[in-house]
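A.B. asks: my questions concern the predicted model and sequence given below.
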Amino acid sequence: MKNSEYHEPVLAHEVINYLGLDVPLKKQAYFIDTTLGTAGHTLEILKAGGNVLGIDADKELLEIAEKRLNIACPTLNDSVQGHFKLVNGNFRDIDKIAKRMEVKEVDGILFDLGVSNIHLKSQTRGFSFESGSAPLDMRIDTKTQGVTAADLLNNLREDQLIDLFESVMIQPVARKLAKEVVFRRKEKPIKETSDFLAIVSRARVDGGKLNPATLPFMALRMAVNSELENLKIALPKALGLLKKEGRLVVISFHSGEDALVKNFFREMRNKNLVKVLTKKPVVPAREETTKNPRARSAKLRCLEKI
Ligand SMILES: C[S@@+](CC[C@H](N)C(=O)[O-])C[C@H]1O[C@@H](n2cnc3c(N)ncnc32)[C@H](O)[C@@H]1O
């Protein structure tokens with residue numbers, strides 16, 4: 001794979017700084033990259049001298065990352081000092097994974113949420129409405145997850161569909177879209193991304209500055225992969241794994257995710273367990289968003305355990 005084909009890591013400098021990697025490291029500093037992707041952030045951590053436990057729920061992505069790191073590490077011998085271990089798993093099990101891999105007293109943990117551009121560019125996995133029609137699947141982990149996006153659209157009740165869409169859209173739009181789904185699926189089952197795209201268009205969803213299909217596709221993906229639930233379960237476990245002064249960095253791409261992170265940080269601060277290092281979320285500079293439009297909605301928050 002060419003470098004340009006990997007996922008472009010978002011807020012890479014800021015991640016390194018907030019993980020405390022901008023200063024020379026003590027030996028054996030350990031980091032967990034809970035969303036390895038194609039290892040963009042992990043590679044930066046390794047270059048800065050940290051050791052990394054990398055986790056990804058998608059086996060295909062993990063294999064790409066492993067190949068990339070195996071190539072990068074020997075050739076960058078002088079600049080890559082840390083070592084890495086990779087695990088295919090869900091970050092909601094971060095406690096069990098860390099224990100199994102004998103990683104404890106962690107210096108920093110990163111969550112870079114959502115899916116990678118490898119997912120979005122895939123012409124077979126149904127994450128995107130821009131890559132031609134594909135089966136409406138959207139599972140990140142095709143081994144253990146049984147329910148696809150098409151299953152949800154064809155089987156949820158109308159009120160459940162409203163809840164699903166409401167997680168990212170205002171209620172009247174969520175209602176209109178859910179109604180259209182229920183009406184259209186009586187005519188024929190919804191199977192392909194193009195079927196859902198047609199439904200979004202018939203429901204006349206107004207996307208504002210975004211493509212009208214962006215939020216409906218995102219809501220569906222978040223539901224298929226239980227993204228908010230996984231994050232809610234993983235954050236306290238991650239905090240439990242950090243050593244004193246260890247840092248937790250979370251990059252979110254949607255207001256629902258960011259609100260969950262913000263509330264968790266506030267709750268932990270009120271219990272005097274952490275110091276919040278980002279009073280406001282850190283967002284990418286214009287230079288980054290021009291080069292990488294996907295970074296536009298990124299928000300980084302960081303806390304330090306006390
Ligand atoms: C935005 S990408 C991360 C990109 C990565 N930072 C890089 O530089 O390439 C998010 C990754 O997290 C993975 N992922 C999403 N939910 C997950 C979960 N609950 N557990 C583990 N991995 C997950 C996705 O498969 C995807 O590869």
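C.D. replies: It's in. This one's a predicted model, so the numbers in the text were calculated from it and none came from an experiment. Residues are numbered from 1 along each chain as shown.

A.B. asks: the strands in the stretch 1-150 of the chain, which residues?
C.D. replies: Counting by DSSP state E, counting those that start in this stretch, the segments of the stretch 1-150 of the chain that form strands are 30-33, 51-56, 84-88, 106-112.

A.B. asks: need the winner for burial among those strands.
C.D. replies: Mean neighbours per residue, mean count of other CB atoms under 10 Å, is largest over these for strand 30-33, with a mean of 28. C-beta here means a position set from N, CA and C on the backbone, and glycine is covered the same way.

A.B. asks: tell me the strands beside that one, with direction?
C.D. replies: The pairing partners recorded for strand 30-33 under DSSP bridges are strand 51-56 (parallel), strand 106-112 (parallel).

A.B. asks: nearest to Arg204, out of the ones you listed?
C.D. replies: Arg204 lies closest, by CB to CB, to one member of these: strand 106-112, at 33.9 Å.

A.B. asks: what does the closest one contact?
C.D. replies: With CB atoms under 8 Å, 6 or more residues apart in numbering as the test, strand 106-112 has contacts from 9-10, 15, 19-21, 29-35, 37, 41, 45, 50, 91, 94, 98, 231, 234, 238, 241-243, 246-251.

A.B. asks: picking up where we left off before, including distance to the ligand, could the strands of the stretch 1-150 of the chain go into TSV?
C.D. replies: Below are the strands of the stretch 1-150 of the chain laid out as TSV (distance: least, CB to the nearest ligand atom, whole Å):
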stretch	distance to the ligand
strand 30-33	7
strand 51-56	5
strand 84-88	9
strand 106-112	4
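
A.B. asks: which stretch of helix or strand covers the residue in the stretch 151-300 of the chain that the ligand sits nearest to?
C.D. replies: Residue nearest to the ligand within the stretch 151-300 of the chain (CB to the nearest ligand atom): Asn230, separated by 4.2 Å. According to DSSP states H and E, Asn230 maps onto helix 227-241.

A.B. asks: the helix or strand following that helix packs against which elements?
C.D. replies: For helix 227-241, the following helix or strand on the C-terminal side (DSSP H and E) is strand 242-252. Contact here means 3 or more CB pairs under 8 Å, 6 or more residues apart in numbering; DSSP states H and E; on that basis strand 242-252 packs against helix 12-18, strand 106-112, helix 227-241, helix 255-270, strand 299-305.

A.B. asks: deepest of these, which one?
C.D. replies: Mean neighbour counts were taken over these using mean count of other CB under 10 Å, and the top value, a mean of 25, falls to strand 106-112.

A.B. asks: phi, psi of the residue of the chain most remote from its centre?
C.D. replies: Farthest-out residue of the chain from its mean C-alpha position, per CA atoms, centre = their mean: Glu187, at 34.8 Å. With angles defined as degrees, to the nearest 10, Glu187 sits at phi -70, psi -50.
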